[in-house]
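Student: The following comprises the amino acid sequence and a computationally predicted model.
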Amino acid sequence: MSTVTKVWLDETENECTMCGACEATCPEVFEVPEKMIVKNGADFSLTQQIVEAAEGCPVGTIGIEYDNSGKRDNPA
Ligand code: SF4
């Protein structure tokens, strides 16, 4: 199974709407004080929750990199 090596706010196409859905799904990793931020020292081994949060983001602004690929690996 692939390892999550980076999670970030990717506003290349859309802006975070600050809806809070990602934090509701995976509060260990995501925080939405204004726009989403990834918590310092977040546990990226929570792969399933991170993917669920990214898939649940209404505007597709959560980027996930696997295995240090150097690019966004998840679909929007
Ligand atoms: S789910 Fe997406 S739009 Fe909503 S706060 Fe998180 S990153 Fe922003």
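Tutor: Structure received. Numbering: from 1, shown residues only.
Student: quick one, phi psi at the residue positioned nearest the centre of the chain?
Tutor: In the chain, the centroid-proximal residue (Cα atoms, centre = their mean) is residue 62; its distance is 3.9 Å. Dihedral angles of residue 62 (phi, psi; degrees, to the nearest 10) stand at phi -100, psi 110.
Student: same deal with residue 66?
Tutor: Residue 66 has phi and psi values of phi -110, psi 140 when expressed as degrees, to the nearest 10.
Student: Same check on residue 21?
Tutor: phi -60, psi -40.
Student: Report pLDDT for it.
Tutor: With respect to pLDDT, residue 21 scores 98.
Student: Distance check, it against the ligand.
Tutor: Separation of residue 21 from the ligand (Cβ to the nearest ligand atom, to the nearest Å): 4 Å. Any C-beta I mention is one placed from the backbone N, CA and C, and that applies to glycine too.
Student: Show me what the residue nearest to the centre of the chain bridges to in the sheet.
Tutor: residue 9 (DSSP bridges).
Student: For residue 26, the count of nearby residues, please.
Tutor: Counted with other Cβ atoms under 10 Å, residues neighbouring residue 26 total 23.
Student: Residue 25 too?
Tutor: Using other Cβ under 10 Å, the number of residues around residue 25 comes to 18.
Student: Please list all residues in contact with the closest residue to it other than its chain neighbours.
Tutor: Nearest residue to residue 25 in three dimensions, chain neighbours excluded: residue 53, at 4.1 Å (Cβ to Cβ, 6 or more residues apart in numbering). Under the criterion of Cβ atoms under 8 Å, 6 or more residues apart in numbering, the neighbours of residue 53 are 21-22, 25-26, 29-30, 62.
Student: swap the cut-off to 7 Å and go again
Tutor: Residue 53 sits next to 22, 25-26, 30, 62 when contact means Cβ atoms under 7 Å, 6 or more residues apart in numbering.
Student: Secondary structure for the residues you listed - can I get that in CSV?
Tutor: Formatted as CSV, the entries for these read as follows, by DSSP: H, G, I helix; E, B strand; the rest coil:
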residue, secondary structure
22, helix
25, helix
26, coil
30, strand
62, strand
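Student: Show me which of those is closest to the ligand.
Tutor: Closest approach between the contacts of residue 53 and the ligand, by Cβ to the nearest ligand atom: residue 22, at 3.3 Å.
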